[in-house]
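Participant: Need a 3D model of the following:
(3 chains)
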Amino acid sequence: MLDRLREPWSDQRAERTLGALACVVLVLIVLMIVFVAIRAWPSFHHNGLSWFTGKGDIDEQIGRQVNTGARPSAADYTLGAWPLIWGTILTTGLAVLVGLAFAVLAAIFIVEFAPAQLRRIVVPVVRLLAAVPSVIYGLIGILVLVPFVNDHLVSEGRKQSVQYVINLSGTGLLVSVVILTVMITPIMIAIIVDALYAVPRGWKEGAVALGVNRWRAMWTVSVRAARPAIIAGAVLACARALGEAIMLSMVSGSKGFAPNPADGLTFIFEPLRPLASTIVEDAESLNAPAVQASVYSFALLLLFSAFVLSIGAWLAKQPMKKYGIRV
Amino acid sequence: MSRRLRLLGVSAIVAGVAGAAIPATAAAVPVITMSGSTSVAPLASLLAKGYLKQYPGRVKFKLAQGGSDVGVADVAAGRVSIGNSSRDPKGSDPGGLVFNKIAKDAICIVTNPNNKLPNLSQAQIQAIFSGQVRNWSDIPGATATGSINLVVRTAASGTQDAFQKIFMGSKSVFSGASAKASNGLVQQTVQTDPSAIGYVSQDFVKGTNAVSYQGVGCTLQTAKSGEYGGVRNFWMVTRGHPRAASPLQKFIHWVQTSSKAQKIVQTHWVPLK
Amino acid sequence: MAVTPSAEPLRPLRPPRKRRVNESLRTWRWGDRIAYLLCWASGLTLCLIAAAIVVYMAVKGLQFLSFDMIFSRPQPSADQKGSGGFLDPLLGTVLLTVIGIAIATPIAVGTAVWIVEYGRPGWLARAVESGIEIVAGTPDIVIAIFGLALFQQSIFGPLSFTAEGGAVFGRSFLTAGAMMSLIALPMVFGSTREGLQSIPAHVREASYGLGKTKIATIRRVLLPSVKPNISTGAALGMGRIAGDTAIVVVLLGATLRIDPEGGVPGVSTLRGTGGTLTSFVYNNSPAGEGNAPQKAYAAAFVLLLIVIALNFAVDVIAKRGAQTGLESTRLGA
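Facilitator: Numbering: from 1, shown residues only, chains lettered A, B, ... in the order given. From the prediction side, this is the model:
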């Protein structure tokens, strides 16, 4: 019987086996989505569309849900998740924007400008940064960055100006975005570097032969050709940023507060709490039905945003098809 | 692949499958499983170690964590024998549970070591933590200046629950206070920020200035003697009363009454006697 | 017309000497110069940040780290002096990473191959791609609680410990490893897919032209050529697994020592609970309740070293694989 398995497979059998494997993966993922949706339903059913608005203090609402425990009344399911959604948008969006610029520049540096010895150092450095556990990033955040911001960047006057509304300490948007950028940039760099190496050398040589300098040749030819990979890297990094929970729960301030851009520079020092950190912090009370519905509704929103990201990336890659780049 | 390699591989797989399928007949030793609060976990693991030292080979322990509510739910569902809880029984807990008190723990108000605040009354604590007073200049005895950096715990915490009940009473904590997810984070914040004030479990006051409450200092001795008012309970939750002479009942009885267990508790927590 | 031979014998032509062309920045436009400087700045900043992280963790960790800590087992203890080392969490990290990546890599490579090479029907391929990207965006805590609910069903009893009441504990190395593979899957999948898509069409066509079937082409031509990409993805995935805390705390029990379950050696470890360095660091750091920060820093430093070593190992494997690949088809690099 083993001999039959070792014969060369026909294409149809191979296609069906690999397709079955892919289907198993899909079934598991759909199972997870259905599981989350079923448990999240009571929260959406009770709140309707007002789930997305910022009614009341969300910390107070979650606190009440934790305290009523196993027997919540219908009114306990009330939830207005806007502060958390806004916190997630801010941290993820800013980190991906800054990280993307940083990653493209660093990838060009690795592929083009770095001397050979430096390249041998920088590539393992990128892999190392991608592999540092988020707990260590969180530790460095609370031991080094948060005290630094608290003592030197947030002035006493600024703290006094908002002290009856919110307590400003070092934790907040600035530290969260800085560390999150450092966390997700290596992922983008790794993928973009692989893609830049895969651009046919003749294309760039043609540009250089026409007299274009090295930077411009890189930018107009290689980076343009690697656009699908840049988008893929950005999507993976954005997904990673959406799902980052433990590091952010240590440095983001753990408050369901929506930072207000109208506050001027104080805005970047205000504490917040993204959705994933909320899930981690409330995960131990998960057996209370109201808390379970709220936590799973946050999870469902995160799954849905990852889905929208995926569709968006696919749409963004479509116009590039006509240039013959394989997307 | 050579024939020998194939034979080796197949026999290894068969052995593995057979081994997994055979029920564990060698497990004649009963197993006591615990899960629950992360604050009680160090105490629970020390008690388990002490019990095994006194009665070796009698039982085997399995200790997981996850939080007080996870422990209570696990024990109610029958997944574990003991649930560790650092919060008092709530009316909304599942029925049929018995809460066995095993130790007590003091909650201390702490400030930065450079801010030598000697004493706070309950009214002062309520005023500070509810957000009425926001400047250190309004607190007599404080050497810090500027805006008060108020550090509290997040909503799902047992320590926060105890703090609310014991110190705040009916007043609610200032909604704009900085929230931290664990005792250690509060301790670390208070250690590094000169204008911070917060509350931690008695085990975590190292490196900070523990403020006296109503004239009584926050130490193990005062908590044990009952003078210090801010004390909360640690529980081991079981599903109903454990059967008499069962290994579980013997363990809980040992924890609550034996002198060895009390000595273990006394190292960092407040014993029952 | 006769060709007049030259007077002297022909000298063998030497190949032209390679001269380093140092393109002077003076010829560049201002915008290009700024971009050049920014590229150098980002590259150097990366190195500085990595060096700062490693040096900081080394300084804080080496203060407390002693050699026997790595080889002694953790003991429950009230203060940091008597509580042993972290051998068990270290073994737990290595074991869990190996299990997770061993499950994830074949599945991810197989799925990527199917999507790029076959991918029929089209909607199914898009659905699988979107599904994997959704998994990439899920917080690890959600995957952990889903895994717990899944593996507490009675059919998964053999994977972990069953209590006397009949309830399945659901926490073991096997269950945690299965969910960890879900975390690493998108990384390996993404890298492999990018690698396969960057192989030019003429390589495949040449193989078909020689009469090979599609599956033979995949096995003999394409897969060896994307080994570096698979190793990049595996390195990213292993980094993610080694650094994950939530799944370990929820699905592995985060016990102090590895507790085997059942009688068979090997399988009993897989069915038992344990801890990893990440849960050890998390528990003992200020973020947990263990109140042993120096231990946490020492363990964090060791964790960093393990991660560096894992990366290095993956690099070596990739380089050895790339020598047998088809580099001549890669017109870049």
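
Participant: Specify the next element, helix or strand, located C-terminal of the biggest helix by length in chain A.
Facilitator: Longest helix in chain A by number of residues (criterion: DSSP state H): helix A:11-47. Next in sequence after helix A:11-47, counting helices and strands by DSSP states H and E, comes helix A:58-68.

Participant: that older thread, if you count neighbours, what's buried in the longest helix of chain A?
Facilitator: A:11, A:14-15, A:18-19, A:21-22, A:25-26, A:28-29, A:32-33, A:35-37, A:39-40, A:42-44, A:46-47 (16 or more other CB atoms under 10 Å in any protein chain shown). (Glycine included, C-beta is placed from N, CA and C.)

Participant: what does stretch B:92-101 give?
Facilitator: Here stretch B:92-101 shows B:Asp93, B:Leu97, B:Phe99, B:Asn100 as buried, counting by 16+ other CB under 10 Å.

Participant: Specify which member of the residues you listed is nearest to chain A.
Facilitator: B:Asp93 (6.4 Å; CB to the nearest CB).

Participant: give me the element A:Ala239 is part of.
Facilitator: Assigned by DSSP H and E, A:Ala239 falls within helix A:227-243.

Participant: ok, back up a step: what is the longest helix of chain A packed up against?
Facilitator: helix A:289-317, helix C:87-113, helix C:122-137, helix C:140-151, helix C:214-217 (3 or more CB pairs under 8 Å, 6 or more residues apart in numbering or on different chains; DSSP states H and E).

Participant: Pull the distance from the first one to the chain's centre.
Facilitator: For helix A:289-317, the separation from the chain centroid amounts to 12 Å (computed by CA atoms, centre = their mean, to the nearest Å).

Participant: One more: the third one?
Facilitator: On the basis of CA atoms, centre = their mean, helix C:122-137 is displaced by 21 Å from the centre of the chain it belongs to.

Participant: and if you look at the shortest one?
Facilitator: How far helix C:214-217 lies from its chain's middle: 27 Å, per CA atoms, centre = their mean.

Participant: The helix or strand just after that helix and chain A, any residue contact?
Facilitator: Later in the chain than helix C:214-217, the nearest helix or strand by DSSP H and E is helix C:223-225. No: Helix C:223-225 is not in contact with chain A by CB under 8 Å from any CB of the partner chain; minimum separation 10.8 Å.

Participant: mind listing what's buried in helix C:223-225?
Facilitator: C:Leu223, C:Ser225.

Participant: what number of residues lie near residue 164?
Facilitator: In the absence of a named chain, this looks at chain A. 13 (other CB atoms under 10 Å in any protein chain shown).

Participant: actually chain B
Facilitator: Every residue meeting other CB under 10 Å relative to B:Gln164 is counted, giving 19.

Participant: What of the one 3 residues further on?
Facilitator: Other residues within reach of B:Phe167 by the criterion other CB under 10 Å amount to 20.

Participant: now swap in the one 4 residues further on and tell me
Facilitator: When counting by other CB under 10 Å, one arrives at 15 neighbours for B:Lys171.

Participant: contacting residues around it?
Facilitator: For B:Lys171, the contacting residues are B:Gln126, B:Phe129, B:Ser130, by CB atoms under 8 Å, 6 or more residues apart in numbering or on different chains.

Participant: rewinding a little: dump the buried residues of stretch B:92-101 into CSV; add distance to B:Ala73 as well.
Facilitator: Shown next, in CSV, are those (distance: CB to CB, whole Å):
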residue, distance to B:Ala73
B:Asp93, 9
B:Leu97, 10
B:Phe99, 14
B:Asn100, 17
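
Participant: among these, which are in reach of chain A?
Facilitator: B:Asp93.

Participant: and which of the buried residues of stretch B:92-101 is nearest A:Pro186?
Facilitator: B:Asp93 (45.7 Å; CB to CB).

Participant: Hmm, A:Gly69 and that closest one touching each other?
Facilitator: Yes: using CB atoms under 8 Å, B:Asp93 makes contact with A:Gly69 at a distance of 6.4 Å.

Participant: Quick one: residues contacting A:Pro42.
Facilitator: A:Tyr77, A:Pro289, A:Ala293.

Participant: nope, C:Phe86 is what I meant
Facilitator: For C:Phe86, the contacting residues are C:Met69, C:Ile70, C:Pro74, C:Leu277, C:Phe280, C:Lys295, C:Ala298, C:Ala299, C:Val302, by CB under 8 Å, 6+ apart.

Participant: which one is it nearest to, not counting chain neighbours?
Facilitator: C:Ala299 (5.1 Å; CB to CB, 6 or more residues apart in numbering or on different chains).

Participant: Let me see the backbone angles for the closest residue to chain A within the stretch 151-273 of chain B.
Facilitator: Scanning the stretch 151-273 of chain B for proximity to chain A using CB to the nearest CB identifies B:Ala155 as nearest, at 3.7 Å. The phi/psi pair for B:Ala155 (degrees, to the nearest 10) reads phi -60, psi -30.

Participant: just B:Ser92 next, same as before
Facilitator: phi -90, psi 10.

Participant: ok, it touching A:Ala290?
Facilitator: No: assessed by CB under 8 Å, B:Ser92 is found out of contact with A:Ala290, at 10.1 Å.

Participant: list the residues that contact both of those two?
Facilitator: With CB under 8 Å, 6+ apart as the test, B:Ser92 and A:Ala290 both reach A:Thr68, A:Pro72.

Participant: and residue 44, what is it in contact with?
Facilitator: Since no chain was named, I'll use chain A. A:Trp51, A:Ser297.

Participant: meant chain B actually
Facilitator: B:Ala44 neighbours (CB under 8 Å, 6+ apart): B:Met34, B:Leu63, B:Ile82, B:Asn84, B:Met236.

Participant: for A:Ala106, same thing?
Facilitator: Applying CB under 8 Å, 6+ apart, the residues contacting A:Ala106 are A:Val122, A:Val126, A:Thr185, A:Ile189, C:Cys39, C:Ser42, C:Gly43, C:Leu46.
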